[in-house]
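[1] kindly generate the corresponding structure for this input.
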Amino acid sequence: MGEDNVNNGNLAAEMTGLGMRQLAAGRVLVVPDPEGPRHMYTARAMAAHAVLDSIRAVERFRPAGLARGAATPVALAGYSGGALESGAANEAQPAYAPELNIVAVAAGGVPALDIDTFHYLDGSVGAGVLMGAAMGLDGAYPELRLDSLLNEAGKALKREASTGCASSVFARPFAHFNDWTKTPNAFNLPRVRKVIDTNAFGHAAPKAPTFYYNGITDELIWIKPLDRLVASYCARGTPISYFRDPAGAEHIQALGNWAPLAHEYIDNRLAGQPAPTTCGQPLNASPAPMV
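    Residues are numbered from 1 along each chain as shown. Here you go, the predicted model:
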């Protein structure tokens, strides 16, 4: 573990609040590198394969004492960026890793990664995340040719964002992507839109029991695209419980609301309790979930 990771307060807080409870329950905890060695943030396939391959690797790691495949129940959990990666793995698992026995997926602040998600962030307090996403997609899809789109301000932000992902989210509050490009409305360029559409969620439907959460006023993760995504999952048979939290006032505070619900959902699925579903219920009438 490098010096930056040792002194990473966010990592320490997340491990204490989320990971330690699972370790205390005697479970094996897998913390993958879902962006890969080239930092392909928001590249959906990269995230999915890294998560699922990490699970495969741990099941094959003899000192972990796990059986392979169906004999080992697996749960995925993540919030925000972790929800992106858990959600990507959730969609990909039936086709990419059908041998894995995923019995629970609990994700909060789930970015649908569609074009509406990008427009929601543009001009928002977290506008800086757009540069991180652009850089990650450019690493996975060289045809994006990000550098050819950027002006001097954009190139400066790219250099800044390359040294700190989380800090870059709020580095340019209320800025617009147009501030950083030579070409206005770059999201609408055919090559850019193709990459965004390729990486949007919804290309497949998960089969694992799933709990998705979002604060209804989250300033970073717009709930409307997630509403549509959950509706499409329901229509295709995903066993999903979806909680639109009216008390989720903002992104970080909503993490505190999600975490105990996620733990309960995972614990109940690992205990063999049947998974609840909210499919068929009105979205604006979501009670606190029976997870």
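
[2] from here on, contacts and neighbour counts on C-alpha atoms
    Will do.

[3] point out where the stretch 151-291 of the chain drops to low pLDDT.
    164-168, 285-290 (pLDDT under 70).

[4] same thing but at 80, please
    163-170, 284-290 (pLDDT under 80).

[5] what ranges do the strands span in it?
    210-215, 240-245 (DSSP state E, counting those that start in this stretch).

[6] tell me the most buried of the ones you listed?
    Mean neighbour count (mean count of other Cα atoms under 10 Å) peaks for strand 210-215 among the strands of the stretch 151-291 of the chain, with a mean of 27.

[7] what about that one, distance to the chain center?
    11 Å (Cα atoms, centre = their mean, to the nearest Å).

[8] give me the number of residues near residue 101?
    17 (other Cα atoms under 10 Å).

[9] okay, and the beta partners of it?
    Per DSSP bridges, the residues bridged to residue 101 are residue 73.

[10] hmm, back to that, as CSV, the strands of the stretch 151-291 of the chain with distance to residue 30 would be great.
    Output for these, formatted as CSV (distance: least, Cα to Cα, whole Å):
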stretch, distance to residue 30
strand 210-215, 19
strand 240-245, 23
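
[11] which among those strands is found nearest to residue 121?
    Residue 121 sits nearest to strand 210-215 of all the strands of the stretch 151-291 of the chain, at 15.6 Å, using Cα to Cα.

[12] who touches the closest one?
    Strand 210-215 is contacted by residues 104-110, 221, 223, 238-251, 254, 258, 262, 265, 291 when judged by Cα atoms under 8 Å, 6 or more residues apart in numbering.

[13] any idea which element the residue most central in space within the chain lies in?
    The centroid of the chain falls nearest to residue 84 when counting by Cα atoms, centre = their mean (1.3 Å). Using DSSP states H and E, residue 84 falls within helix 81-96.

[14] show me what that helix is packed up against.
    With contacts taken as 3 or more Cα pairs under 8 Å, 6 or more residues apart in numbering; DSSP states H and E, helix 81-96 sits against helix 44-59, strand 73-79, strand 101-108.

[15] and the angle for the longest helix that the chain contains with strand 240-245?
    For the chain, the helix with the greatest residue count under DSSP state H is helix 251-270. Relative orientation of helix 251-270 versus strand 240-245 (axes from the mean of the first three to the mean of the last three Cα atoms, to 10 degrees): 150 degrees.
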